[in-house]
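Undergrad: Structure of the sequence below:
(2 chains)
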Amino acid sequence: MEQYSAQLDGIFQALADPTRRAVLGRLGKGPASIGELAKPFDMALPSFMKHIHFLEDSGLIRTRKAGRVRTCAIRKRPFAAIETWLSAQRALWEARTDRLEQFVTAVRDKGQAR
Amino acid sequence: MIQAVNSELDLTMSRLIKAPRAAVWRAWTDPRSFEQWWIPAPAKCKVLHMDLNPGGAFVTLMSEGGGAFQPHLNACFLAVEEGERIVFTNALTGGWRPAEQPFMTAIIRLHDHPQGTEYAAHVMHKSNADRNMHDELGFQDGWGTVAAQLARLVEKPA
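TA: Below you'll find the model as predicted:
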């Protein structure tokens, strides 16, 4: 269960950024090179590569280098984890509990500091 | 009472919260505190009713993007045991009146733990077919539905 939760955390963090969502949207149409993916964004390549690495680390995409061109493609499997309605509900309750935990511990820290 | 878990329709989760049980209980049952974590920022939550008794109304509103407050949860408490357990359902509204669009019952349990409080939720859903109705929660709480929609988008054949 915890492993599942950690996997979802990574996925949701990866999806929390508009650039990364746009990249995923583009890759949904088929694999693309880094150059092609970076084109619509007004962003230095190293910054863009951070997003690519984030997506790759979270398991949402895979990349492969052929000669001097690195190609990215969607990995289907991780999406299965968030695709079902019940896992969406789980994510909702997990996030809600995260916020409760943060709220309770923050209030407590404030109280102790006094 | 022991509830059987139906893995198709239920979700269960538990979390160790490093704070006393009374503090967690307060965060849940004090409306001003509850409003601060129930819905993810920047959306705002307002508790309209939180009558912590069996049959008591549990009604929350939410506001997104600074807009007017809209209905969010309209539910009824089924059991409230001070410091230990809260059970609510949206199959009923306040005063045990049958609801229009029931889909879930939630059981929240708090247990003492050497490092704080063990917080557990068991959420039972009516059926997967009700997912559209559940958009009320799923959509407004953001992640779940957004992620599912994105998954559909990227998995659409070219």
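
Undergrad: The residue most central in space within chain B and B:Ala27, how far apart?
TA: Per C-alpha atoms, centre = their mean, the C-alpha nearest to the average position across chain B is that of B:Ala106, at 6.8 Å. Distance, B:Ala106 to B:Ala27, using C-beta to C-beta, to the nearest Å: 16 Å. Yep, even glycine has a C-beta here, placed from its N, CA and C like the rest.

Undergrad: Mind checking what secondary structure residue 73 has?
TA: Unless you meant another one, I'm taking chain A. Judged by DSSP: H, G, I helix; E, B strand; the rest coil, the three-state class of A:Ala73 is strand.

Undergrad: Please parse chain A into its domains.
TA: For chain A, the structural domains run A:2-83, A:84-114, going by automatic domain parsing.

Undergrad: any chance of those domains in a markdown table, with mean pLDDT too?
TA: Shown next, in a markdown table, are those (pLDDT from 0 to 100):
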| stretch | mean pLDDT |
| --- | --- |
| domain A:2-83 | 83 |
| domain A:84-114 | 79 |
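
Undergrad: and these, which is most packed in?
TA: domain A:84-114 (a mean of 17; mean count of other C-beta atoms under 10 Å in any protein chain shown).

Undergrad: And chain B, is that domain touching that?
TA: Yes: applying C-beta under 8 Å from any C-beta of the partner chain, one finds domain A:84-114 in contact with chain B at A:85-97, A:99-105, A:107-108.

Undergrad: bridging residues for B:Asn74?
TA: For B:Asn74, the beta-bridge partners under DSSP bridges are B:Val59.

Undergrad: Quick check: it vs chain A, distance?
TA: Distance from B:Asn74 to chain A, counting by C-beta to the nearest C-beta, to the nearest Å: 17 Å.

Undergrad: Surely that residue is in contact with B:Ala91?
TA: No: using C-beta atoms under 8 Å, B:Asn74 is not in contact with B:Ala91, being 10.9 Å away.

Undergrad: So for those two, which residue has more residues nearby?
TA: A count of neighbours by other C-beta atoms under 10 Å in any protein chain shown puts B:Asn74 above the other of B:Asn74 and B:Ala91, at 20 against 17.

Undergrad: Which pLDDT value goes with that one?
TA: B:Asn74 is assigned a predicted lDDT (pLDDT) of 95.

Undergrad: Might you report the residue contacts of it?
TA: B:Phe58, B:Val59, B:Asn90, B:Thr93, B:Ala99 (C-beta atoms under 8 Å, 6 or more residues apart in numbering or on different chains).
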